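Engineer: Return a 3D structure for these sequence lines:
(chains A, B, C, D, E and F)
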Protein chains: 4
Amino acid sequence: MSANKRGRKRTFTELARRAQIVAAAIETIAEMGYGQASFAQIAQRAGLSSTGLISYHFASKDELIEQLVDEVVTAGQAFMGPRIEAAVGARAKLRAYLESNLEFMASHRAHIVAVAEIFNALPRERGGQPAPYGVWHERGIAQLQDLLRQGQRAGEFASFSTRVMAVTIRAAIDAVGYQLGADPNLDLKTNARELSALFDRATRSGKPGERAPGCSGERPRRTRRTAAD
Amino acid sequence: MSANKRGRKRTFTELARRAQIVAAAIETIAEMGYGQASFAQIAQRAGLSSTGLISYHFASKDELIEQLVDEVVTAGQAFMGPRIEAAVGARAKLRAYLESNLEFMASHRAHIVAVAEIFNALPRERGGQPAPYGVWHERGIAQLQDLLRQGQRAGEFASFSTRVMAVTIRAAIDAVGYQLGADPNLDLKTNARELSALFDRATRSGKPGERAPGCSGERPRRTRRTAAD
Amino acid sequence: MSANKRGRKRTFTELARRAQIVAAAIETIAEMGYGQASFAQIAQRAGLSSTGLISYHFASKDELIEQLVDEVVTAGQAFMGPRIEAAVGARAKLRAYLESNLEFMASHRAHIVAVAEIFNALPRERGGQPAPYGVWHERGIAQLQDLLRQGQRAGEFASFSTRVMAVTIRAAIDAVGYQLGADPNLDLKTNARELSALFDRATRSGKPGERAPGCSGERPRRTRRTAAD
Amino acid sequence: MSANKRGRKRTFTELARRAQIVAAAIETIAEMGYGQASFAQIAQRAGLSSTGLISYHFASKDELIEQLVDEVVTAGQAFMGPRIEAAVGARAKLRAYLESNLEFMASHRAHIVAVAEIFNALPRERGGQPAPYGVWHERGIAQLQDLLRQGQRAGEFASFSTRVMAVTIRAAIDAVGYQLGADPNLDLKTNARELSALFDRATRSGKPGERAPGCSGERPRRTRRTAAD
DNA sequence: TATGAATGAGGATTCATTCAT
DNA sequence: TATGAATGAATCCTCATTCAT
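Structural biologist: The predicted model follows:
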């Protein structure tokens, strides 16, 4: 992926142009939706005077989108990875997973919305051929399943289908991204706290010393509920 | 809705053709994705020799999609409504909600996949103007929030943001539909059981006589876990 | 023209239907313009539930339009002919020609507007093949030229190109029809009076006893002029 | 008006292409009529291999037509304006108006025919919304009315409705353009001379020293009349 | 006769991509 | 490298006409 179409290593300028185009594509897709994100729109936003330049730097629209997704996912992992690893224990890691995900969303709103648009707009896995970016999705699920299995082995988590739980956790996070597309003022902190608590209850075992809040009759963090709940 | 463009009551033939076209659209969208579902593709699948016939029966592509969504949503509500109402108590209703949703998916796979495609492909709410079928989504969320609030008032459910919980429940269900698009052999019964348990734990209060399974250290329905979990 | 496509004489019903369709076409074209007057629009206005019926009664759209023009022109001639013949002398006949034309317009606004639309919208004479309804136009010009030549022979009219004068008179009348399409409240009586006077001055000879108003320094019918003149 | 859709100044090539396409549109419309002037026809006549190129250079068909009309009207005004201004006195100006109009027609036959086609084919003013290029028409009428009023104030012209007279003059000129579409060999010089004389008689007052030719019993320029008159 | 269904050609427009400069 | 010009396939939609009933 580091070689251009002439088989040479990409020059600095070339890399800069690609980055600029990808950035413009992110903005465009986030703002107008994948369906409206034509080369013309992207070029305009990038300040380019020709769509031809996009075709010059990217073999096809597919390659542009691939690059875009790649960058966002990589950035996300770079942001979240350390935070998750720093947490001790499966419960803490799960909480870190959820909260760092939403924290990343807060600082990379357009990126997240764009990637969500792309995932949704592109054809899914059908018959035999895989979805274009299904790999990333499956990789994320697998990573989560690992975490959940560790917790189950450690007795921190109850017994449940790690697959179903992982898919649900991802779906919950993606739903926040989806809502963020519609409402830029969405309160991500509240969402993070609520989701953390939700999946904590959903996963935790009833082990002594790890008793679920519901079991003790007390609630750790009482939150005021408003009408908008 | 029962009058055609000439202001006449729709004939039997017309209704049949419309249904046939809608069915072809469902198949096409479910199989190829919304983006690829042109009139030409739909007409071909319906065995029509001209795209003009689709335009003859539907005022626009929008009307076709609207009709499609309407049919699927109406059918879904007709299927699920009674099952949810028959359940007694909020916990049981929530379980019925989840299970009837997935049961409907099992028998209407293409319908669900098609509608999921449409929801995802169409422009989202941006700035001020709402998403085309966002109404349905918001209505579903609101309905779920009602159910959750009732459970909270009755003491069956713990304290949490009903909005976040409702969005997460819907996201979990939609994720199952999404997976169904990729894998027609998805085990919906297992998914239904797991999701029921998951959200039962996530919502329930610690009231006596309503103790969460996790608290007793035992699991009611022990499920064999496979590697694919 | 009195036989239908099966070579039979047209039944009363058939004639009635044709008349009804022609009437609807007149209304539609006058109101929406020729370009928007599709069979669907005409059928709807005629209260028919199928465009097929129009095709059943008329061999083609061309035949419908032909019939329409025929009816309007015939009605116009029936109205104007006697009025012109009743006038004595070329000057009086020319005045009668102009005034009866505009009088007919007043009572057959839609007809006139529709025919004007058709004349304008249809292809003109090009290369060799004649304009569809150029015949009517040329016939009208020829008739006017006859009248003008008679006046010249009788010494009532000055010497001028009867062709140019005839074309100009028709153009002036058609321009009134054109304006009538835009402004239904157009004052036809004033237009008739002004055009009569205009072409009286433009045609008349300087013979004694027939002196032009301009020559005597007096004006026969003094009209108050308003700012809108 | 000098910036293209990318907000750039138009290049030489772009201007040339636009001009070429406008020229092809003029030819096509003049020859086949507005109704038959599809992008396909225009592209073919311009030697383009794709209708897409027209859309590339013009935002819409409307813009193409607008540009076409604009060019022709501007050229016409540039041609006629100085000739009218050079004339001294209302009578001479009116004569210059008529003669320069027809002179322009002689050298820009297709342009005039095309614009006449467009004016006629496009929807007229109806209800409230104005005709697309009605502005030009009304502006021409207003300009003529100004000229006529000046002549009336100066005593050169008799008393008449300047509106009716102006509309009739324009109609007479347009009728020449109309005939030109059908007969390319139309004798424009004779038409110019006859129309000049016609409207001179129609407008002039009976003032001493400005006596109408008809009053003297003599004709200044005796013209041979042929059968075709 | 009359209806509604069906056809297929033709309408403008959008778009990613290619190419010469 | 970068630009603008050009391409041609694909988009939805309109319409007069035909046909079976």
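Engineer: close to DNA strand F, is the top helix by length along chain A?
Structural biologist: Ranked by residue count under DSSP state H, the longest helix found in chain A is helix A:61-86. No. Between helix A:61-86 and DNA strand F, judged by Cβ under 7 Å from any atom of the strand, nothing touches; the nearest distance is 12.6 Å. For the C-beta atoms, the positions are set from N, CA and C on the backbone; glycine is no exception.
Engineer: From the chain's centroid, how far away is the helix or strand just after that helix?
Structural biologist: In the C-terminal direction, the helix or strand that comes right after helix A:61-86 (DSSP states H and E) is helix A:90-107. Taking Cα atoms, centre = their mean, to the nearest Å, one finds the center of helix A:90-107 at 11 Å from the center of the full chain.
Engineer: For helix A:90-107, list every residue counted as buried.
Structural biologist: Buried positions in helix A:90-107, judged by neighbour count with 16 or more other Cβ atoms under 10 Å in any protein chain shown: A:90-91, A:93-105.
Engineer: circling back: show me what counts as buried in the longest helix of chain A.
Structural biologist: In helix A:61-86, counting by 16+ other Cβ under 10 Å, buried: A:64-69, A:71-73, A:76-77, A:80, A:83-84.
Engineer: Please name every helix or strand in contact with that helix.
Structural biologist: helix A:12-32, helix A:90-107, helix A:109-121, helix A:134-153 (3 or more Cβ pairs under 8 Å, 6 or more residues apart in numbering or on different chains; DSSP states H and E).
Engineer: wait, which of these is closest to B:Ile26?
Structural biologist: helix A:109-121 (18.3 Å; Cβ to Cβ).
Engineer: do that closest one and DNA strand F meet?
Structural biologist: No. Shown here: helix A:109-121 not in contact with DNA strand F (Cβ under 7 Å from any atom of the strand), separated by at least 14.9 Å.
Engineer: Only the buried residues of that helix, if you could.
Structural biologist: Going by 16+ other Cβ under 10 Å, helix A:109-121 has these buried residues: A:109-121.
Engineer: Repeat that for stretch A:133-142.
Structural biologist: Within stretch A:133-142, the residues that qualify as buried are A:133, A:136-137, A:140-141, counting by 16+ other Cβ under 10 Å.
Engineer: related to what we said a few turns ago, confidence-wise, which of the helices and strands packed on helix A:61-86 is weakest overall?
Structural biologist: Averaged per stretch, pLDDT over the helices and strands packed on helix A:61-86 is lowest on helix A:109-121, reaching a mean of 85.
Engineer: number of nearby residues for A:Lys189?
Structural biologist: Burial of A:Lys189 is recorded as 11 neighbouring residues (other Cβ atoms under 10 Å in any protein chain shown).
Engineer: and it, that's in a helix?
Structural biologist: Yes. With DSSP: H, G, I helix; E, B strand; the rest coil as the criterion, A:Lys189 is part of a helix.
Engineer: contacting residues around it?
Structural biologist: Neighbouring residues of A:Lys189 by Cβ atoms under 8 Å, 6 or more residues apart in numbering or on different chains: A:Leu102.
Engineer: and the gap between it and A:Leu15?
Structural biologist: Distance, A:Lys189 to A:Leu15, using Cβ to Cβ, to the nearest Å: 36 Å.
Engineer: picking that back up, same for chain B: which of the buried residues of helix A:109-121 are within range?
Structural biologist: Restricting those to those adjacent to chain B (criterion: Cβ under 8 Å from any Cβ of the partner chain) gives A:117, A:120-121.
Engineer: between the residues you listed, which is nearest C:Gly52?
Structural biologist: Proximity to C:Gly52 was ranked across those by Cβ to Cβ; first place goes to A:Ala121, at 42.1 Å.
Engineer: Hmm, A:Gly33 is touching B:Pro123, no?
Structural biologist: Yes. The criterion here is Cβ atoms under 8 Å, and A:Gly33 meets it with B:Pro123 at 4.8 Å.
Engineer: which of these two has more neighbours?
Structural biologist: Taking other Cβ under 10 Å, A:Gly33 and B:Pro123 do not tie; A:Gly33 has more neighbours (20 against 15).
Engineer: what phi and what psi does the backbone show at that one?
Structural biologist: Note on A:Gly33: its backbone torsions stand at phi 90, psi 150 [degrees, to the nearest 10].
Engineer: orientation of the longest helix of chain A relative to helix A:90-107 in degrees?
Structural biologist: Following axes from the mean of the first three to the mean of the last three Cα atoms, to 10 degrees, one obtains 140 degrees for the angle between helix A:61-86 and helix A:90-107.
Engineer: Rounded mean pLDDT for helix A:61-86, please.
Structural biologist: Model confidence over helix A:61-86 averages 93 on the pLDDT scale.
Engineer: starting at the chain centroid, how far to that helix?
Structural biologist: Average the C-alpha atoms of helix A:61-86, do the same for its chain, and the two points are 8 Å apart (Cα atoms, centre = their mean).
Engineer: tell me the angle it makes with helix A:109-121.
Structural biologist: Here helix A:61-86 points in a direction 120 degrees away from that of helix A:109-121 (the same axes, to 10 degrees).
Engineer: Helix A:61-86 and DNA strand E, any residue contact?
Structural biologist: Yes. Taking Cβ under 7 Å from any atom of the strand as the criterion, helix A:61-86 and DNA strand E are in contact, through A:61-62.
Engineer: now do stretch A:22-37
Structural biologist: Yes. Using Cβ under 7 Å from any atom of the strand, we find that stretch A:22-37 touches DNA strand E at A:36-37.
Engineer: What parts of chain A come near DNA strand F?
Structural biologist: Applying Cβ under 7 Å from any atom of the strand, we find that chain A lies next to DNA strand F at A:11, A:13-14, A:17, A:48-53, A:56-57.
Engineer: Tell me the one among those nearest to chain B.
Structural biologist: Closest approach to chain B among these (Cβ to the nearest Cβ): A:Thr51, at 19.7 Å.
Engineer: these two touch, right, the closest one and A:Gln41?
Structural biologist: No. Taking Cβ under 8 Å as the contact criterion, A:Thr51 and A:Gln41 are not neighbours in contact, 9.4 Å apart.
Engineer: These two: who's more crowded?
Structural biologist: In terms of neighbours (other Cβ under 10 Å), A:Gln41 is the more surrounded of A:Thr51 and A:Gln41; the figures are 18 against 15.
Engineer: how much space between that one and DNA strand F?
Structural biologist: Taken as Cβ to the nearest atom of the strand, to the nearest Å, the spacing of A:Gln41 relative to DNA strand F amounts to 14 Å.
Engineer: A:Ser60 now?
Structural biologist: When Cβ to the nearest atom of the strand is the yardstick, A:Ser60 and DNA strand F sit 14 Å from each other.
Engineer: got it, and A:Phe104?
Structural biologist: The value you get for A:Phe104 to DNA strand F, if Cβ to the nearest atom of the strand is used, is 31 Å.
Engineer: Just list the residues touching the closest residue to that residue other than its chain neighbours, thanks.
Structural biologist: Nearest residue to A:Phe104, sequence neighbours excluded (Cβ to Cβ, 6 or more residues apart in numbering or on different chains): A:Phe79, at 4.8 Å. Taking Cβ under 8 Å, 6+ apart as the contact definition, A:Phe79 lies against A:100, A:103-104.
Engineer: now those residues as JSON lines including distance to DNA strand E?
Structural biologist: Formatted as JSON lines, the entries for the contacts of A:Phe79 read as follows, by distance: Cβ to the nearest atom of the strand, whole Å:
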{"residue": "A:Ser100", "distance to DNA strand E": "33"}
{"residue": "A:Glu103", "distance to DNA strand E": "33"}
{"residue": "A:Phe104", "distance to DNA strand E": "28"}
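Engineer: Residue numbers of chain A in contact with chain D?
Structural biologist: Counting by Cβ under 8 Å from any Cβ, the residues of chain A close to chain D are A:44, A:49.
Engineer: redo that, cut-off 7 Å
Structural biologist: With Cβ under 7 Å from any Cβ of the partner chain as the criterion, chain A meets chain D at residues A:Ser49.
Engineer: tell me the domain boundaries of chain A?
Structural biologist: Structural domains assigned to chain A are A:10-58, A:67-211, following automatic domain parsing.
Engineer: Alright, that wraps it up for me.
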